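>>> Curious how this folds, go ahead:
(one chain, ligands or ions: 1)
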Amino acid sequence: MDHRSRRNMMLPSTPTAHRRVSSTFSATSHDDTPDVSVPTNITVSVRLKPSLGPSLSTSWPATPSTISVPDVGVFSFDNVFGPAAHSRDVYASVAKRVVNSVVEGYHGTIFAYGMTGTGKTYSMQGVPSSPGIIPLAVSEIFAQVSFATTTISVSYLEIYNERVKDLLNPTVASDSLKLQDTPDGLVRVRNLRCVRVATSQELKDLISHGDLSRRTEGTEFNSVSSRSHAVLQIFLEKSDPLTRATATTVLSLCDLAGSERAAADAERRKEGAYINRSLLALGTIIARLSASSAAAGDSHEHIPYRDSKLTRLLQHSLSGGALVSVLCTIDTHNTAKQALAETVNTLRFAARAKNVAITPARAITAAATTSAAANAVIESLRLDLERERAETEVLKVEISDFRKEAYDNKIKEQQKYDREKRELEMQRDALKDRVTHLTRLILGGGPAGISGEKRADRAELDKYKARVEELERKLAQGPMAEALSTSSSSSSSSTDLFLQQKLKDAEAEIRELKEYLADKDRMINALKRASSLTTRRTGLKETTIQDSEEEHALRPLLGSVMNINTENAGGHGETESLVNPKLRRSAK
Ligand SMILES: Nc1ncnc2c1ncn2[C@@H]1O[C@H](COP(=O)(O)OP(=O)(O)OP(=O)(O)O)[C@@H](O)[C@H]1O
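Numbering: from 1, shown residues only. Predicted coordinates for the structure are as follows:
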């Protein structure tokens, strides 16, 4: 059973002939997402207070959308809740759509209007066993918003005797709390404390804390009558993850002070005067807006929002900036003449409010622009991606060309190196042949008449030595050195492995040549020493060799070598042992 059928069962069902008061009433959609393209009436609901004790009943017949007042007429509303209606059902019909719209990006305002003691605070706040619109809205908001993109903050004020009091910061001077327009078209209170909250419980605790500062007094109809208008505002600041733009929507929940005609107490009379003044201003504005809507909208008509702080604060909502839902509470059990008149006044106010047509604009256009912005960002990212893909292709080709060029260069270097190596090997072989030849000459010629040849041989040996050194230098600085550096930087490629192998071969070759040169040095030194020994042993006159010291050393060389070889018939004399084994092999 839905809440409407349940309400129906609880309402008196005495059908009578009625005069429809709200003739321009149009059914309001209960979809959660409002259609902003067409004007929508303010949602108006009436809640009948149950009898809390033995009392007379006015027996005003009611249906889920009408209430009939004898001799007055039938009032038609979006919802009429019978005395047994549950607060959750009231919330579902009165508040849920507005709350959802605030989450969706609209401003929303819900206010309770009615005579004192008729159940405004009960409907807005409820009791622990039956929470009212405010706690249910808080839970709904926290269940729906995405905390990745939304922050929630709250302010809570009351307007008492036309002065604003900050219920979350009660000590702040009322004079400093001024109403002012904001660039986004809202009216906000300067210096009002606005507290950021992270959980629904945190927000509910703040409200409870603020309620302690609310002005209540005992009145004829309510022992704890709220003598002020209480306005709780919940701000949802949404940030767009793509554009990082922020926009704020606000849900205003107003528990208005109770209207009453007269009070015996002077203080109550003064309060009542202020309350009535602001409610009168609200009623006047509603009447003007209603008439304006009936006349298809006269935007030039002056609407006196500034006549009271309440209407000034609600200006943005009442002028079409928010989805508005009004809950009017009545007590049909209060049969006092004055109370009945007040109840009819409440119904008339509600009927006028029902006629007000508004076209709330989405406060957060970001939701709409977000998709456009998102599309633009996506398109730009797509183009970037395409550009980068094209650049990557170019780079791939360049890298491939570079690799090919590097490979070609390596091959060329390798070929050059191979050529030089071959040349070097040929020179080395020639040098070996030449050294072998010289050695043979030195070992096989007689002492006389060969000094000139030996000098030439020695000079030739020196020349070869210089040439080999030069080749060594070239090998160390040339292609091999380059090959060394390139191979170490990319040792993984097969080309590099090949070059490394070649490099190793070249290094081995150089080592061999160095050893060979060292042998040459050792051999020459040995020959020098042998020559000096022979000179001492044969007693040859030094005058026969008068040229250079070199000549002096070479002249006895042959004799000494011959002597040594003669003495060591096995051919293992000092000179022989100092000759490079390779050389020895080639000499054989
Ligand atoms: N629907 C209801 N069901 C049960 N009790 C109710 C209902 N409506 C009101 N009451 C009770 O009636 C009393 C007065 O209600 P409430 O304080 O909400 O009136 P009010 O309209 O806010 O009055 P005021 O304008 O003087 O502050 C409270 O004790 C409240 O619990």
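
>>> going forward, measure contacts and count neighbours with C-alpha atoms only.
Will do.

>>> interface residues of this structure facing the ligand?
49-50, 116-122, 222, 225-226, 257-258 (Cα under 6 Å from any ligand atom).

>>> list the buried ones in stretch 237-252?
237-240, 247-252 (16 or more other Cα atoms under 10 Å).

>>> Need the residues you listed in JSON lines (columns: distance to T343).
Converted to JSON lines, those look like this (distance: Cα to Cα, whole Å):
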{"residue": "E237", "distance to T343": "39"}
{"residue": "K238", "distance to T343": "41"}
{"residue": "S239", "distance to T343": "45"}
{"residue": "D240", "distance to T343": "47"}
{"residue": "A247", "distance to T343": "40"}
{"residue": "T248", "distance to T343": "37"}
{"residue": "T249", "distance to T343": "34"}
{"residue": "V250", "distance to T343": "31"}
{"residue": "L251", "distance to T343": "28"}
{"residue": "S252", "distance to T343": "25"}
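
>>> Pick the one among those closest to the ligand.
Of all those, S252 has the smallest distance to the ligand: 17.0 Å, by Cα to the nearest ligand atom.

>>> Test of understanding: give the bridge partners of the closest one.
Taking DSSP bridges as the rule, S252 bridges to T109, Q233.

>>> Now do it against S239, distance only.
Look at S252 and S239: by Cα to Cα, to the nearest Å, they are 21 Å apart.

>>> Could you tell me the end-to-end distance of stretch 155-169?
10 Å.

>>> Quick one: mean pLDDT for it?
The average of the pLDDT scores along stretch 155-169 is 92.

>>> Report the buried residues of it.
Residues 155-169 are the ones in stretch 155-169 that count as buried (16+ other Cα under 10 Å).

>>> So which of those residues belong to strands?
Residues of the buried residues of stretch 155-169 located in strands (DSSP state E): 155-160, 163-166.

>>> I'd like to check which residues are in contact with R193.
155, 166, 168-169 (Cα atoms under 8 Å, 6 or more residues apart in numbering).

>>> would JSON lines of those with distance to R422 be doable?
As requested, those are exported to JSON lines (distance: Cα to Cα, whole Å):
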{"residue": "S155", "distance to R422": "94"}
{"residue": "D166", "distance to R422": "100"}
{"residue": "L168", "distance to R422": "97"}
{"residue": "N169", "distance to R422": "98"}
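
>>> closest to Y417 among the residues you listed?
Distance to Y417, by Cα to Cα, is smallest for S155 among these, at 86.0 Å.

>>> which ones are touching D166?
Counted by Cα under 8 Å, 6+ apart, D166 has contacts 156-158, 172, 174, 177, 192-193.

>>> what about R88, how many neighbours?
19 (other Cα atoms under 10 Å).

>>> who are the neighbours of the helix or strand harbouring it, in terms of helices and strands?
Assigned by DSSP states H and E, R88 falls within helix 87-94. Where contact means 3 or more Cα pairs under 8 Å, 6 or more residues apart in numbering; DSSP states H and E, helix 87-94 is packed against strand 43-48, strand 79-81, strand 130-131, helix 133-144, strand 322-330.

>>> Turn these into TSV, columns for mean neighbour count and mean pLDDT.
Below are the helices and strands packed on helix 87-94 laid out as TSV (neighbours: other Cα atoms under 10 Å; pLDDT from 0 to 100):
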stretch	mean neighbour count	mean pLDDT
strand 43-48	26	94
strand 79-81	28	95
strand 130-131	17	96
helix 133-144	19	96
strand 322-330	27	92
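
>>> Out of those, which is closest to D521?
Closest among the helices and strands packed on helix 87-94, using Cα to Cα: helix 133-144, at 96.4 Å.
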